[in-house]
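**Q** sequence first, predicted model second:
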Amino acid sequence: MVHLICLCALLILCCSGIYSARPNFIIFNPDEMRAESLGCYGNKLSVTPNFDKFASQGVRFEQCHTTYPECVPSRSSFLTGWYPHVNGHRSQWHMLRNNRGNNSNTDYEPNLFRYLKNAGYNVQWYGKNDALSADSFATSVTNWVNLGTVVPLPNIPFNDPLFYSFLFNVSSGTLEANKDYQNLNAAINFLKSKPQDPFTIFLPMNYPHPPYTFFQPYYDMVDPSKVDYLRPSDLPNKPDYHALIRKYRRLDQLSNATNAAVMQKIQAVYLGLISFEDFLFGKLLQTLQETGYENNTTVFVMSDHGDYAGDYGLVEKWPSGLEDVLTRVPMLIRHPGGVQGRVAKGQIQHMDMMATILAIAGINATHTHWSHNLLPILQGYPENDTDLNRPVFAEGGFNTNEPQCFDGRSDNPYDQDIFNISGLYYPRALQEQQVPLSDCRAVMIRTPQYKLVLRSDPTDPDHYSELYDLVRDPKELYNVYNNPKYASVQVDLERQMLRWYIQTADQTPFQEDSRLLPPTMM
């Protein structure tokens with residue numbers, strides 16, 4: 001009798017659309033949110049009760065690293081399982097494409113959402129893009145929308161040295177008009193509509209991406225005087241872009257005391273922006289529970305990359321910057337029936353999400369990729385030696401002989417920052433155009449013990465490379481590159497990096513072509 005009652009209840013749930021035999025997915029993707037700024041990752045000032053509770057309900061990956069410290073390359077990577085260099089996705093202007101042109105090959109570049117849609121998933125996209133070219137949406141996404149008002153403009157005078165710092169005064173915006181709030185509510189309304197098909201909801205949020213401003217209570221939620229952990233500026237043996245960013249953004253005009261206070265306030269507002277994302281995430285989880293989808297939906301919280309947010313006296317990010325504050329991002333996953341409260345210690349890459357979702361959905365990838373399936377860890381299997389000693393890789397920057405990659409090009413119709421002196425990205429565009437070597441190509445290998453960052457350009461084969469002993473120097477303050485005491489470590493890491501490049505240099509498509517001539521046209 002008990003079994004019969006359970007069976008009847010299951011049938012009722014299936015018929016009502018609340019329960020589906022196929023798993024659902026939600027990807028909550030705040031922009032530019034670094035791991036160390038969440039409470040569950042140890043930040044004592046951050047107010048993130050929903051993220052923290054969620055981490056206790058699933059798995060928190062202690063060391064998750066992005067493959068690139070900028071939006072488009074990073075997102076291209078986590079949707080394909082490709083490192084950015086594999087198919088040239090190393091700039092902000094090269095999205096994942098559906099074809100090469102003229103619809104010659106509709107499977108030119110794969111992506112996670114196309115796999116899911118082709119498998120019958122209702123793929124809902126609420127928020128910004130920075131991932132797919134226009135021709136990829138119809139074949140990859142069921143519905144897409146980006147609601148709300150634009151990013152606030154500077155509310156301080158242009159001649160103020162802080163004008164380019166991204167730190168504004170408190171915003172006059174409202175909750176109801178906010179982009180992330182509106183997009184989150186659209187996702188909530190979709191859940192309340194009781195969709196019948198298995199679904200995937202992608203929420204690419206705008207915050208905590210700068211500018212560092214917001215309305216109350218988030219703007220003043222954290223007392224800046226309590227921010228006592230920032231990495232100092234003007235450290236020796238740092239890459240040239242550290243000083244150049246401060247120069248082009250006029251931060252070098254600040255006195256030492258003013259600079260310290262400004263960086264503390266930037267960090268405090270950044271934490272407040274994260275608290276806003278936490279508030280939104282809580283609303284999402286509540287709706288997931290109320291609509292009955294909680295027990296059949298795997299939820300991911302992850303970010304594309306981090307933010308300096310005052311560390312090293314810097315703001316926002318830099319394309320060839322590969323510090324942990326830029327590469328280390330949160331990865332929190334709650335999987336129905338999976339282990340709870342687990343902290344996975346081994347290093348992973350944010351693009352491991354792709355292989356994990358395909359595994360849960362029972363979909364076979366038909367392209368070569370380097371994404372790792374994390375499902376065994378979600379199910380409680382122990383991490384083995386390979387997991388615990390896995391190196392992770394990231395890359396950034398551009399060769400000086402690839403002008404198509406740089407910001408500030410006057411011939412790029414999508415990037416006109418170089419013409420807008422009052423724009424927040426004018427200093428960056430100007431720096432990239434005037435000192436392109438400061439944004440040269442970089443590649444990082446990070447092991448549990450060490451981090452090596454090599455920078456190279458045709459005009460300078462070894463440009464401000466870095467090596468850190470992460471055990472003794474976890475904040476990456478003391479660059480020991482070419483230090484004789486670390487010579488053997490440096491050589492070993494360089495060899496590992498070379499092997500990685502050989503193995504990931506490119507990928508051969510699964511689709512095959514005839515070697516014969518096509519029919520003659522007479």
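**A** In hand now; what should we look at? Numbering: from 1, shown residues only.

**Q** Glu402: neighbour count?
**A** One way to gauge burial is a neighbour count; for Glu402, by other C-beta atoms under 10 Å, it gives 14. C-betas here are computed from N, CA, C, even on glycine.

**Q** go ahead and confirm Asn122 touches Asp197.
**A** Yes: applying C-beta atoms under 8 Å, one finds Asn122 in contact with Asp197, separated by 4.5 Å.

**Q** helix/strand/coil for Gln63?
**A** On the three-state scheme (DSSP: H, G, I helix; E, B strand; the rest coil), Gln63 is labelled strand.

**Q** please name the nearest non-neighbouring residue to it.
**A** Distances taken as C-beta to C-beta, 6 or more residues apart in numbering place Gln347 nearest to Gln63, at 4.3 Å, with adjacent residues excluded.

**Q** what's the distance between the one you found and Gln449?
**A** Spatial separation of Gln347 from Gln449 under the definition C-beta to C-beta, to the nearest Å is 11 Å.

**Q** those two: who's more crowded?
**A** In this view Gln347 and Gln449 are compared by other C-beta under 10 Å, and Gln347 has more residues nearby, 20 against 13.

**Q** and that one, that one's in a helix?
**A** No: for Gln347, which was evaluated using three-state DSSP, the result is strand, with no helix membership.

**Q** and Asn122 and Asp197? which has more neighbours close in?
**A** Asn122 (18 against 13).

**Q** ok, that one - contacts?
**A** Contact criterion C-beta atoms under 8 Å, 6 or more residues apart in numbering gives Thr142, Asn143, Pro195, Asp197, Pro198, Phe199, Thr200 as the residues in contact with Asn122.

**Q** return the member of those residues nearest to Lys179.
**A** Within those, proximity to Lys179 (C-beta to C-beta) peaks at Asn143, which comes in at 17.2 Å.

**Q** mind listing the helices for the stretch 151-300 of the chain?
**A** The residue ranges that make up the helices of the stretch 151-300 of the chain, judged by DSSP state H, counting those that start in this stretch, are 179-192, 240-248, 256-290.

**Q** can you put those in CSV and add mean pLDDT, mean neighbour count and distance to Pro23?
**A** What follows is the helices of the stretch 151-300 of the chain, written out as CSV (pLDDT from 0 to 100; neighbours: other C-beta atoms under 10 Å; distance: least, C-beta to C-beta, whole Å):
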stretch, mean pLDDT, mean neighbour count, distance to Pro23
helix 179-192, 98, 20, 15
helix 240-248, 98, 20, 43
helix 256-290, 97, 21, 13
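
**Q** how about TSV for those, with distance to Ala429 added?
**A** Putting the helices of the stretch 151-300 of the chain into TSV (distance: least, C-beta to C-beta, whole Å) gives the following:
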stretch	distance to Ala429
helix 179-192	24
helix 240-248	9
helix 256-290	21
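
**Q** nearest to Pro474, of the ones you listed?
**A** Comparing the helices of the stretch 151-300 of the chain against Pro474 with C-beta to C-beta, the closest turns out to be helix 256-290 (17.8 Å).

**Q** low-scoring stretches of this structure, by residue?
**A** Low-confidence segments of the chain, defined by pLDDT under 70, span residues 1-20, 100-107, 150-152, 522.

**Q** is Val123 in a bridge, and if so with what?
**A** When bridges are assigned using DSSP bridges, the partners listed for Val123 are Thr200.

**Q** can you show me the strands along the stretch 301-450 of the chain?
**A** Counting by DSSP state E, counting those that start in this stretch, the stretch 301-450 of the chain forms strands over residues 328-329, 331-334, 342-349, 392-396, 441-446, 450-456, given from the N-terminal end onward.

**Q** would JSON lines of those strands with distance to Ser46 be doable?
**A** JSON lines is the format used below for the strands of the stretch 301-450 of the chain (distance: least, C-beta to C-beta, whole Å):
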{"stretch": "strand 328-329", "distance to Ser46": "15"}
{"stretch": "strand 331-334", "distance to Ser46": "14"}
{"stretch": "strand 342-349", "distance to Ser46": "17"}
{"stretch": "strand 392-396", "distance to Ser46": "24"}
{"stretch": "strand 441-446", "distance to Ser46": "24"}
{"stretch": "strand 450-456", "distance to Ser46": "24"}
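
**Q** right, and these - which one's nearest Tyr293?
**A** Ranking the strands of the stretch 301-450 of the chain by distance to Tyr293, with C-beta to C-beta as the measure, places strand 331-334 first at 12.3 Å.

**Q** off-centre distance for the closest one?
**A** Here strand 331-334 is found 14 Å from its chain centre; the criterion is C-alpha atoms, centre = their mean, to the nearest Å.

**Q** what does that strand rub up against?
**A** For strand 331-334, the external contacting residues (C-beta under 8 Å, 6+ apart) are 40, 51, 54-55, 57-61, 64, 298-302, 348, 350, 352-353, 356, 374, 378.

**Q** using CSV, write out every CA atom in it.
**A** Extracted C-alpha coordinates of strand 331-334, given in CSV (Å, rounded to 0.1, in the frame of the first residue of the first chain):
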residue,chain,number,x,y,z
MET,A,331,32.5,27.1,-7.5
LEU,A,332,29.6,26.0,-5.4
ILE,A,333,27.4,23.0,-6.6
ARG,A,334,24.3,21.5,-5.1
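
**Q** what are the pairing partners of it, and which direction each?
**A** Partner strands for strand 331-334, per DSSP bridges, with pairing direction: strand 59-65 (antiparallel), strand 297-302 (antiparallel).

**Q** output those strands as TSV; include the columns mean neighbour count.
**A** Listed next are the strands paired with strand 331-334 as TSV, based on neighbours: other C-beta atoms under 10 Å:
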stretch	mean neighbour count
strand 59-65	22
strand 297-302	24
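
**Q** how far does stretch 226-236 stretch from start to finish?
**A** From the first residue to the last, stretch 226-236 extends over 26 Å; the measure is C-alpha to C-alpha, to the nearest Å.

**Q** what about the helices in the stretch 351-500 of the chain?
**A** Per DSSP H, counting those that start in this stretch, the stretch 351-500 of the chain carries helices over the ranges 352-361, 375-378, 385-388, 426-434, 487-504.

**Q** what's the closest of these to Asp307?
**A** For the helices of the stretch 351-500 of the chain, distance to Asp307 was read as C-beta to C-beta. The smallest value, 13.9 Å, belongs to helix 426-434.

**Q** what's the angle between the closest one and helix 240-248?
**A** What separates the directions of helix 426-434 and helix 240-248 is an angle of 130 degrees, with axes from the mean of the first three to the mean of the last three C-alpha atoms, to 10 degrees.

**Q** so what touches helix 426-434?
**A** Helix 426-434 has contacts (C-beta under 8 Å, 6+ apart) with 164, 241, 244-245, 248-250, 316, 406-409, 415, 417-418, 420, 438-439.
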